[in-house]
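1. Kindly return the folded structure for what I paste below:
(one chain, ligands or ions: 1)
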Amino acid sequence: MIKRSDFPKDFLFGTATAAYQIEGAAKEDGKGPSIWDVFSHTPGKTFNGDTGDIACDHYHRFKEDVAIMKEIGLNAYRFSISWPRVMQDGKNINQKGIDFYNRLVDELLENDIIPFITLYHWDLPYALYEKGGWLNDDIAMYFRAYATLMFNELGDRVKHWITLNEPWCSSFLGYFTGEHAPGHQNLQEALIAAHNLLRSHGHAVQAFREEVRDGKIGLTNVVTKVEPGDSRPESFFVASLVDKVINAWFHDPVIFGKYPEEAVKNYVEMGLNVPDNDFDIISTPIDFFGVNYYTRTLVVFDETNPMKFSYVSGDLPKTEMGWEIYPQGLFDMLIYLKERYRLPLYITENGMAGPDKVENGKVIDDYRIEYLEKHFEKALEAINAGVNLKGYFIWSLLDNFEWAYGYSKRFGIVYVDYNTQKRILKKSAQWLKEFLRS
Ligand SMILES: CO[C@H](O)c1c[n+]2c([nH]1)[C@H](O)[C@@H](O)[C@H](O)[C@H]2CO
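-> A predicted model of the protein is given here:
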C-alpha cells in the first residue's frame, strides 16, 4: 500500500479547479462576459442548457472551500483567474474582481496552502472575441497586459504560475470540432488560434521574468498515451501523427522553437497554412510543464475521414466520461516528457468522473480511491525512475461545471449539491486525508 512518506518530503499534493467551472457570480462586481458565458447560454451547446452562472458559488464560498482543503491536509491548490472578472472587456481594470483573488490568495496562504495560478483556463473576455479573439494576432498583447497586471497584483505572494491550460483544447475543440467555445469548425482557424495561444504564452513568460523575479512559470498541456487501435501499419502511422499533434504540437515550439515536422508536413499536404512567426518569443525559457493526464487515446486508420483517422474505444474499464482507466499511460508519458524536454513536471490534473450518489448522507466512491491509488503508484514509479515530478493536483476539489457536459459529470473528491450548495466530503476525500498522513 503506497504511503505519503514514499514521496519526496517537499512533494506537493493539491487539487485543481478553474474559474468558470466553480466561481459562479457570472455578472457580479463588474465581471464581464466570457466566451463560455455566451456559449453556455446558446441553446444546444451544453447538456441540459447548463451554464456557469452559479456553478459551485465559489466566489462567495471560497473560505469554506479553503477550509475543506486544509481539513484534508492538502498543501497546494491550482486555480484559474477569470480574465473578464479582472478586465471586463479585456482591457479596463476591474478592482473588485482583483480584490476577490487577493482575498482567495490570502486565505490560502493563511492556511499554509501554496497557490498555483492558471492565467487562462478557456474563459476569454467576449469583448476580445468580438475583436477576433485567438484569431487576432493582437491578442498576444492583450494577454501580456493581463498577465502583467496579475503578476503585479499577486506576484508578491504567488510564486507558481501557469500561462495557459491546454491550448490544444482552446484551439482544436474551440475552433475545429466546435465542442467548446467559441464553437467554430475550421481547421485553419484552429492552427491560427493555436499559434496565437503559443505567442501569448511566450509574451506572458517574458513579462513574468520582468515582474516576478523569484517565481516559477510553466505551461499545462493535455498529455495522453496515443496508441493504434488495431494492428494495421496505417493505424500505427496515424497514431504517430495524432501523437505529434496532441503531445508535441504545444510542447515542441516552447522548447525547440518549432512545430513537429511530421505534423507540419501533414497539414501542408492538406493545403493548410501553418504559422511560423515569433518562435523566438514562444520559446522563451520556462521552468516546468504541467501535465494533465486522464487516459489513453486509441486511433485507427480511416480513409473515409479527411484526417485519415478515427478515435476508437478500448476494452479497459472506463469512467463516466467513457475514458479508459490506464495508469500505465501516466508513467509512460512522464518518462516521455522527461526524456524529450528535460524540464521539471507537475501533474496539474488527474482524476475521474464517477457515478457519485449521496446515500445516507455519504458518497461511497471506492472506484475513485482505486483510480487515484493506481495513478499515485505510477507517479511514484516515475519519480523512482528519475522523473523530476514535483507535485500532483487532483482534478478536482469540487464537482463542477464540466463544460459541454454541464453538471452531468462529477469529478470532485467533494460532492456538491447544486440545489443547496452543500459540500459533502466523499469517501475519496477521507481516504486522501488518511493518505496524506501516512
Ligand atoms: C482528456 O482530458 C483533458 O486532458 C482534460 C480533462 N479536463 C480538462 N482537460 C480541463 O482542464 C478541465 O477543465 C476539465 O474539467 C477536466 C475534466 O474533463
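2. Going by C-alpha atoms from here, please, whenever you check contacts or count neighbours.
-> Will do.
3. What parts of the stretch 101-250 of the chain come near the ligand?
-> Contact residues, the stretch 101-250 of the chain versus the ligand (CA under 6 Å from any ligand atom): V222.
4. residue ranges of the helices in the stretch 101-250 of the chain, please?
-> Along the stretch 101-250 of the chain, the segments classed as helices by DSSP state H, counting those that start in this stretch run 126-129, 139-154, 167-168, 187-211, 233-243.
5. give me the number of residues near T295?
-> T295: 24 surrounding residues under other CA atoms under 10 Å.
6. Under a three-state scheme, what state does it occupy?
-> Under DSSP: H, G, I helix; E, B strand; the rest coil, T295 falls in the strand class.
7. What of the one 3 residues further on?
-> Under the three-state scheme (three-state DSSP), L298 adopts strand.
8. That one: neighbour count?
-> 21.
9. just I335 next, same as before
-> I335: 18 surrounding residues under other CA under 10 Å.
10. That one and N384 touch, don't they?
-> No - counting by CA atoms under 8 Å, I335 does not reach N384; the two are 10.9 Å apart.
11. In space, what's closest to the residue of the stretch 1-150 of the chain found nearest the ligand - neighbours in sequence excluded?
-> Residue nearest to the ligand within the stretch 1-150 of the chain: A18 (6.2 Å; CA to the nearest ligand atom). Excluding its sequence neighbours, the residue lying closest to A18 (CA to CA, 6 or more residues apart in numbering) is S80, at 4.8 Å.
12. ok, the residue in the chain that the ligand sits nearest to - contacts?
-> Here the residue of the chain nearest the ligand is V222; by CA to the nearest ligand atom that distance is 4.4 Å. By CA atoms under 8 Å, 6 or more residues apart in numbering, the contact set of V222 is 166, 168-169, 246-247, 291-293.
13. try 7 Å
-> 166, 291-293 (CA atoms under 7 Å, 6 or more residues apart in numbering).
14. Equivalent analysis for S5, please.
-> Contact analysis of S5 by CA under 7 Å, 6+ apart lists S438.
15. just to revisit the earlier point, count of residues packed around the residue nearest to A18?
-> Using other CA under 10 Å, S80 has 25 other residues around it.
16. For I394, list each beta-bridge partner.
-> I394 has these beta-bridge partners by DSSP bridges: T15, N350.
17. T15 is in contact with that one, correct?
-> Yes - when contacts are counted by CA atoms under 7 Å, I394 is listed as touching T15 (4.4 Å).
18. Tell me both backbone torsions, phi and psi, for R342.
-> Phi and psi for R342, reported as degrees, to the nearest 10, are phi 50, psi 50.
19. if I look at it, how far off is P260?
-> According to CA to CA, to the nearest Å, R342 and P260 sit 17 Å apart.
20. Which of the two has more residues huddled nearby?
-> Ranked by neighbour count (other CA under 10 Å), R342 and P260 place P260 first, with 19 against 15.
21. pretty sure the more buried one contacts W249?
-> Yes - with contact defined as CA under 7 Å, P260 reaches W249; the gap is 6.3 Å.
22. Got the phi and psi for F256?
-> Here the main-chain torsion angles of F256 (degrees, to the nearest 10) amount to phi -100, psi -10.
23. now do the one 3 residues further on
-> The phi/psi pair for Y259 (degrees, to the nearest 10) reads phi -80, psi 160.
24. burial measure for it, as a count.
-> When neighbours are counted by other CA under 10 Å, Y259 registers 23.
25. So the closest residue to it other than its chain neighbours, which state does it fall into?
-> Distances taken as CA to CA, 6+ apart put P253 closest to Y259, at 5.3 Å, once the chain neighbours are dropped. Classification of P253 using three-state DSSP returns helix.
26. JSON lines please, covering the contacts of V222 and showing neighbour count.
-> Shown next, in JSON lines, are the contacts of V222 (neighbours: other CA atoms under 10 Å):
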{"residue": "E166", "neighbour count": "22"}
{"residue": "V291", "neighbour count": "27"}
{"residue": "N292", "neighbour count": "24"}
{"residue": "Y293", "neighbour count": "24"}
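27. on that earlier part again, now do the residue of the stretch 1-150 of the chain closest to the ligand: how many residues are near it, please.
-> 24.
28. how about it, what does it touch?
-> 79-80, 121 are the contacts of A18 under CA under 7 Å, 6+ apart.
29. Flag every buried residue along stretch 378-394.
-> By neighbour count on 16 or more other CA atoms under 10 Å, the buried set for stretch 378-394 is 378-380, 382-383, 387-394.
30. oh sorry, the question was meant for stretch 342-359
-> Those would be 343-354, 356, for stretch 342-359 by 16+ other CA under 10 Å.
31. so of those residues, which ones are in strands?
-> 345-350 (DSSP state E).
32. Turn those into JSON lines, including distance to F7 and pLDDT.
-> Shown next, in JSON lines, are those (distance: CA to CA, whole Å; pLDDT from 0 to 100):
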{"residue": "L345", "distance to F7": "15", "pLDDT": "99"}
{"residue": "Y346", "distance to F7": "14", "pLDDT": "99"}
{"residue": "I347", "distance to F7": "14", "pLDDT": "99"}
{"residue": "T348", "distance to F7": "17", "pLDDT": "99"}
{"residue": "E349", "distance to F7": "18", "pLDDT": "99"}
{"residue": "N350", "distance to F7": "17", "pLDDT": "99"}
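33. With distance to V300 as extra columns, can I get those in a markdown table?
-> Formatted as a markdown table, those follow (distance: CA to CA, whole Å):
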| residue | distance to V300 |
| --- | --- |
| L345 | 30 |
| Y346 | 31 |
| I347 | 28 |
| T348 | 29 |
| E349 | 27 |
| N350 | 26 |
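34. how about JSON lines for these, with distance to the ligand added?
-> Listed next are those as JSON lines, based on distance: CA to the nearest ligand atom, whole Å:
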{"residue": "L345", "distance to the ligand": "15"}
{"residue": "Y346", "distance to the ligand": "14"}
{"residue": "I347", "distance to the ligand": "11"}
{"residue": "T348", "distance to the ligand": "9"}
{"residue": "E349", "distance to the ligand": "7"}
{"residue": "N350", "distance to the ligand": "8"}
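35. Could I get the full set of strands for this protein?
-> Using DSSP E, strands in the chain cover 12-16, 76-80, 114-120, 160-165, 216-228, 288-301, 309-312, 345-350, 389-394, 414-417, 422-425.
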